[in-house]
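Student: based on what follows, work out the 3D shape:
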Amino acid sequence: MQARRLCLAVSHNIFLTKDQRYKIGEWLDTEVETVGVSMPVWCTASAQGFRRRFKTDEPGDEIFCKYYIDNKQGDAVIDILEDGYRMHLTSEKMRTQLLDVKDRGISGIRFTHNTNLKIDGNRYRIIHFVGIQDLTLLTESVVD
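Tutor: Model (predicted):
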């Protein structure tokens, strides 16, 4: 049996400044724009008798793209755009987690979001793995 695509797994790594985290965490109806990295990986399966073999096209390519992150109500948690992604953090819990520990947060969030996308009459499942963290975690990890 020929392999068929089951899903697209997309890892999102986004780093925000403290000002950006607090703007989303505390202000209502606001948006920040930043650049992050997405890494899409296709997952496929093929049947061999009663067994299924799963494969991925790893390693995926790292794609630097724009992220528009807001706390407005939207139809979807993640919208795929031509130049990147729009993420709607509509839950108060998600927004609060972006704040520092002293302000009842944890300086970042991690979540997954499942959706379906129809391309050329075929329906694909997309699983987004999102990590939004404080920019200092990235800058402090860079060694001279």
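
Student: what does the longest helix seen in the chain rub up against?
Tutor: In the chain, taking DSSP state H as the definition, the longest helix is helix 18-26. Applying Cβ atoms under 8 Å, 6 or more residues apart in numbering, the contact partners of helix 18-26 are 16, 30, 32, 34, 69-71, 89, 95-100, 105, 107-108, 134-135. Quick note: C-beta positions are derived from backbone N, CA and C, even for glycine.

Student: stretch 86-96 now?
Tutor: So stretch 86-96 is in contact with 24-26, 67-74, 76-79, 98, 104-105, 109, 111, 130, going by Cβ under 8 Å, 6+ apart.

Student: next step: these restricted to strands.
Tutor: Within the contacts of stretch 86-96, residues falling in strands by DSSP state E are 67-70, 78-79, 109, 111, 130.

Student: and the two most separated of those?
Tutor: Pairwise distances across these peak at 17.8 Å for Asp79 and Ile109 (criterion: Cβ to Cβ).

Student: who has more neighbours out of these two?
Tutor: Ile109 (22 against 14; other Cβ atoms under 10 Å).

Student: doesn't Leu99 make contact with that one?
Tutor: No: applying Cβ atoms under 8 Å, one finds Ile109 not in contact with Leu99, separated by 10.5 Å.

Student: low-scoring stretches of this protein, by residue?
Tutor: Along the chain, the parts satisfying pLDDT under 70 run over 1-5, 45-54, 74-76, 143-144.

Student: what residue lies at the spatial centre of it?
Tutor: For the chain, the residue nearest the mean C-alpha position is Val130 (3.2 Å; Cα atoms, centre = their mean).
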